[in-house]
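# How does the following fold in three dimensions:
(chains A and B)
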Number of protein chains: 2
Amino acid sequence: MTASVLDQIRFDSAGLAPAVAQQHDTGELLMLAWMNRTAVEETLATGRVCYFSRSRNSLWRKGESSGQVQRLIELRLDCDGDALLLLVDQHGVACHTGRRSCFFRAARDGELVEIAAPVVSPEALYPAG
Amino acid sequence: MTASVLDQIRFDSAGLAPAVAQQHDTGELLMLAWMNRTAVEETLATGRVCYFSRSRNSLWRKGESSGQVQRLIELRLDCDGDALLLLVDQHGVACHTGRRSCFFRAARDGELVEIAAPVVSPEALYPAG
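Numbers count the residues shown, from 1 in each chain, chains lettered A, B, ... in the order given. Below is the predicted model:
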């Protein structure tokens, strides 16, 4: 059913495309991660965002460890077909540091400055054991 | 001066990092492109966004052909240092098709649907000769 969408995505030589997640109602940019064809297919089928983890080399169902899932509102593709925009409803926080957004460092006067504090502790997101 | 910012960006094996441009006041996601170290350095120094074109293998001063420049409001880096967010003030349109945003196709019922029309004709952006 989603073949025509999948076939218009130009994945790179590793089979991946960058995907940007944006909170659908506030416009806040949450994170940038990667998707392969299977991740896009699963995301469209389930409505729950699944990425591909380059470090673990496997599908990464966002929130599977932390509970901080992303519900897909809409998937968009850019003009040349090699980048994805995911409009999502983020449950809790997107960043593993406990911040709402992964983009919490800003370049100001030549230095990186933290512009957002954690709203959840990483220990609460990823309990030991 | 910006060495500490540049040194904290983790460029990939090709020396590039994905950069997402967002209109600073409306939150609209405009485009995703790539930057190398020189592009980031120039962007921070001039306040005018410069990418690296993978197809042309050279610096790409956004708007150099079309006049549709991006003024940098703030550059942000994500938690693991390998993705950039550029808050910009986009002059005119970001997309070479004449649309405000490159993400003008949405997956709906398994098909890609155009959700935005050009506001400028590509011929007006890139006059022949």
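# from here on, contacts and neighbour counts on C-alpha atoms
Fine.
# longest helix of chain A?
For chain A, the longest helix by residue count, based on DSSP state H, is helix A:37-46.
# Which stretches in chain A count as helices?
Ranges of helices in chain A, per DSSP H, are A:3-6, A:37-46, A:122-125.
# Among these, which comes closest to chain B?
With Cα to the nearest Cα as the measure, helix A:3-6 is the member of the helices of chain A nearest chain B (5.6 Å).
# Just the buried positions in that closest one, please.
The neighbour-count check on helix A:3-6 (16 or more other Cα atoms under 10 Å in any protein chain shown) flags A:5-6 as buried.
# quick one, what contacts the closest residue to A:Cys50 other than its chain neighbours?
Leaving aside its chain neighbours, A:Cys50 sits nearest to A:Arg61 (4.3 Å; criterion: Cα to Cα, 6 or more residues apart in numbering or on different chains). A:Arg61 is in contact with A:48-51, A:69, counting by Cα atoms under 8 Å, 6 or more residues apart in numbering or on different chains.
# Likewise for A:Val120?
The contact partners of A:Val120, by Cα under 8 Å, 6+ apart, come to A:93, A:98-99.
# now do A:Pro118
A:97-100.
# gap between it and chain B?
Distance, A:Pro118 to chain B, using Cα to the nearest Cα, to the nearest Å: 12 Å.
# Kindly report the residues of chain A close to chain B.
A:1-5, A:18, A:20, A:26-28, A:31-32, A:74-79, A:83-85, A:95, A:97, A:102-112 (Cα under 8 Å from any Cα of the partner chain).
# A:Ala14: neighbouring residues, count only.
By other Cα atoms under 10 Å in any protein chain shown, the residues close to A:Ala14 number 8.
# quick one: low-confidence parts of chain A?
Applying pLDDT under 70 to chain A flags residues A:1-3, A:129.
# all strands for it, in order.
For chain A, the strands defined by DSSP state E cover A:17-23, A:29-35, A:50-53, A:58-61, A:70-77, A:84-90, A:105-108, A:111-114.
# Now the last one - C-alpha only, PDB.
Taking only C-alpha atoms (Å, rounded to 0.1, in the frame of the first residue of the first chain), the coordinates of strand A:111-114 have been written out as PDB:
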ATOM      1  CA  GLU A 111      31.300  28.800  22.300                       C
ATOM      2  CA  LEU A 112      28.700  26.200  22.700                       C
ATOM      3  CA  VAL A 113      26.200  27.100  25.300                       C
ATOM      4  CA  GLU A 114      23.500  24.800  26.800                       C
END
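# Against which helices or strands is it packed?
When contacts are defined as 3 or more Cα pairs under 8 Å, 6 or more residues apart in numbering or on different chains; DSSP states H and E, strand A:111-114 packs onto strand A:105-108, helix B:3-6.
# Would you reformat these as a markdown table and include distance to A:Val40?
Listed next are the helices and strands packed on strand A:111-114 as a markdown table, based on distance: least, Cα to Cα, whole Å:
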| stretch | distance to A:Val40 |
| --- | --- |
| strand A:105-108 | 29 |
| helix B:3-6 | 32 |
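# which one of these lies closest to A:Ala124?
Among the helices and strands packed on strand A:111-114, the nearest to A:Ala124 by Cα to Cα is strand A:105-108 (22.2 Å).
# Each with direction, which strands does that closest one pair with?
strand A:111-114 (antiparallel), strand B:70-77 (antiparallel) (DSSP bridges).
# Tell me which of the ones you listed sits nearest to B:Glu123.
strand B:70-77 (20.1 Å).
# what angle do the closest one and strand B:17-23 make?
120 degrees (axes from the mean of the first three to the mean of the last three Cα atoms, to 10 degrees).
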